[in-house]
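Novice: kindly generate the corresponding structure for this input.
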Amino acid sequence: MRQLFLFCWTGILCLQSIAQPKQALPDSLQETITISKQNKVLSSTIDFLDASISSINAFESLLKKDSYRNKVSSFNNPASADMGFNLQNEIQVALKPILQKSRSVNPAKFSEVVNSIVTNTGQLSAGRLLFSINPVFQSVVGLVGNLASKERHVHKEDLDTFIISISKYFEQFNRLQTSNITLDQKLERLKARLKDIQFDLKEILIDFILLFHPSNTRSGLRQMSNEALLLKYLDKSFIELPVNRPEGTRFRYPTDAIKSLKDIANNLQKIFDEYQNTYYSNYLEIRQILQDAKTLGKSVNAQRIDAAIRELDYLFAESRSSDILSLRLATLFEKLGLLVKWEQA
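Specialist: Predicted coordinates:
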């Protein structure tokens, strides 16, 4: 009977305990939890901003990288034989039968004039002088055509043979020039988009800075680099002190900040993907141009072309792997994920 009484009494106490509402946390403890969460959110935000600046700086370096582009540009040299032939030599070979029939010009001087036209005509693209193919072709054909019209022993068939002989080599340079210019134009557009991301990031930095340093002006802060803003005004040890906050412990995280930071990361990922596609497309085009040069004739040096292709393959693979490592986009998205986690906690 006594055991039954104790069992019933214990059950009543348990029911009373369940029925009673949970007591609210003491204000001091609630405030401690609030401050702790705020500190984690702010710390994660600064980590993300720091990683964003590093990724953007790395991307700027990638857009200026020289090894691959210098090699591709080197093919666009009429005095080089990296494409398996030397354009100057091929023109001279095709010109020789006409000069042998000529009586009114000095063959050596005429050849020098032709070489001068070939080597001194260029087109500036993205700060680099590219061999400008169309004006050269027109000038050389015009010069030889003028010679043919004056020489009694040089006929239209000789001029036609000359044009057919050199046009296939000029076509290779035309394709190369088009590919180079397209690459430069696409990279310039990516640079402009990267500047837009830098501007957006600076505005976000300034938004956070003004929360802690309201005496500053937005126009004044815009004069500083993103790195300088982060180092000078968003030091972790400073913002984690509640006394430094304008509203004490009731710090209000900007409502649109998470979306803005996500946009920064996603836009960086998008233009990096486009950047890689741009280089890959250029790499395939240049490789195909080199391969096609093997079919131009017996004078083409296939071994020289194979060596150029191997070097192109190596430079492209090397730059592609270093690009992924240096940009640190995986790290950036890890920082973003941690920030979202603490903000939603």
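Novice: can you pull out the helices in this structure?
Specialist: 2-19, 27-63, 67-74, 87-101, 107-119, 133-150, 156-212, 218-221, 226-233, 236-239, 257-293, 302-327, 329-344 (DSSP state H).
Novice: let me have these in JSON lines, extended by mean neighbour count and mean pLDDT.
Specialist: Any C-beta I mention is one placed from the backbone N, CA and C, and that applies to glycine too. Shown next, in JSON lines, are the helices of the chain (neighbours: other CB atoms under 10 Å; pLDDT from 0 to 100):
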{"stretch": "helix 2-19", "mean neighbour count": "9", "mean pLDDT": "43"}
{"stretch": "helix 27-63", "mean neighbour count": "17", "mean pLDDT": "74"}
{"stretch": "helix 67-74", "mean neighbour count": "17", "mean pLDDT": "82"}
{"stretch": "helix 87-101", "mean neighbour count": "17", "mean pLDDT": "92"}
{"stretch": "helix 107-119", "mean neighbour count": "15", "mean pLDDT": "87"}
{"stretch": "helix 133-150", "mean neighbour count": "16", "mean pLDDT": "87"}
{"stretch": "helix 156-212", "mean neighbour count": "17", "mean pLDDT": "91"}
{"stretch": "helix 218-221", "mean neighbour count": "12", "mean pLDDT": "94"}
{"stretch": "helix 226-233", "mean neighbour count": "16", "mean pLDDT": "92"}
{"stretch": "helix 236-239", "mean neighbour count": "13", "mean pLDDT": "68"}
{"stretch": "helix 257-293", "mean neighbour count": "17", "mean pLDDT": "92"}
{"stretch": "helix 302-327", "mean neighbour count": "15", "mean pLDDT": "82"}
{"stretch": "helix 329-344", "mean neighbour count": "16", "mean pLDDT": "78"}
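Novice: in CSV: those helices, plus distance to residue 81.
Specialist: Converted to CSV, the helices of the chain look like this (distance: least, CB to CB, whole Å):
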stretch, distance to residue 81
helix 2-19, 90
helix 27-63, 30
helix 67-74, 11
helix 87-101, 8
helix 107-119, 14
helix 133-150, 17
helix 156-212, 12
helix 218-221, 55
helix 226-233, 46
helix 236-239, 58
helix 257-293, 11
helix 302-327, 6
helix 329-344, 40
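Novice: report the contact partners of the residue lying closest to residue 283 once chain neighbours are set aside.
Specialist: Residue nearest to residue 283 in three dimensions, not counting chain neighbours: residue 316, with 4.8 Å by CB to CB, 6 or more residues apart in numbering. Residue 316 makes contacts with 68, 279, 283, as judged by CB atoms under 8 Å, 6 or more residues apart in numbering.
Novice: and of these, the nearest to residue 262?
Specialist: Of all the contacts of residue 316, residue 262 sits closest to residue 279, with 26.4 Å by CB to CB.
Novice: hang on, isn't the closest one packed against residue 320?
Specialist: Yes. Counting by CB atoms under 8 Å, residue 279 does reach residue 320; the two are 7.4 Å apart.
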